[in-house]
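predicted coordinates and the sequence they were generated for:
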Amino acid sequence: MLRIRSLKNKKIIDLLFESNLFVVKNQIKVSRDNGKENPPFFCISVPKKCFRRAVDRNKVKRRIKAALHNLNINAKGNYLVIYKSLSIMPYKEIEKTLSDILNFSN
């Protein structure tokens with residue numbers, strides 16, 4: 001099980017947003033830097049443009065955090081997860097997508 005820690009450093013978040021190195025699958029984009037933090041830090045972004053209601057944005061964030069928590073991967077560094085779909089995906093689909101992306105990027 002992967003321990004989830006929130007990324008709070010605004011400079012690192014800005015660098016991850018400006019980075020052109022994204023892995024995209026099923027409308028989920030993931031960017032990472034090569035930090036040595038273990039366990040890794042995660043920043044989850046659900047744009048207000050996609051979901052106007054905060055209840056829906058928070059639901060998607062909870063599903064992503066739960067999926068990341070249940071993954072069995074060896075990840076290091078800082079990650080930025082951006083959810084770009086206009087509909088709420090089922091938990092199993094989010095979990096499979098994140099597993100494929102994070103196994104690809106490591």
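Alright, I've got the coordinates.

look up phi and psi at the residue nearest the centre of the chain.
Central residue of the chain (CA atoms, centre = their mean): V81, 2.5 Å from the mean position. Main-chain torsions, V81, degrees, to the nearest 10: phi -110, psi 120.

and it, what does it touch?
Contact analysis of V81 by CB atoms under 8 Å, 6 or more residues apart in numbering lists 28-30, 42-45, 64, 68, 98. For glycine as for every other residue, the C-beta is placed from the backbone atoms N, C-alpha and C.

name the nearest residue to it, ignoring sequence neighbours.
Of all residues beyond its chain neighbours, the one nearest V81 is I44 (4.9 Å), with distances taken as CB to CB, 6 or more residues apart in numbering.

three-state assignment of the one you found?
Secondary structure, DSSP: H, G, I helix; E, B strand; the rest coil: I44 is strand.

repeat that for C50.
Classified using three-state DSSP, C50 is coil.

for the spatially closest residue to it that is not a sequence neighbour, grab the count of nearby residues.
Leaving out its chain neighbours, the residue that sits closest to C50 by CB to CB, 6+ apart is L86, at 5.6 Å. Number of residues near L86 (other CB atoms under 10 Å) recorded here: 8.

hang on, L86 packs against K49?
No: L86 lies out of contact with K49 (CB atoms under 8 Å); the separation is 9.3 Å.

common neighbours of the two, please.
Joint contacts of L86 and K49 (CB under 8 Å, 6+ apart) do not exist.
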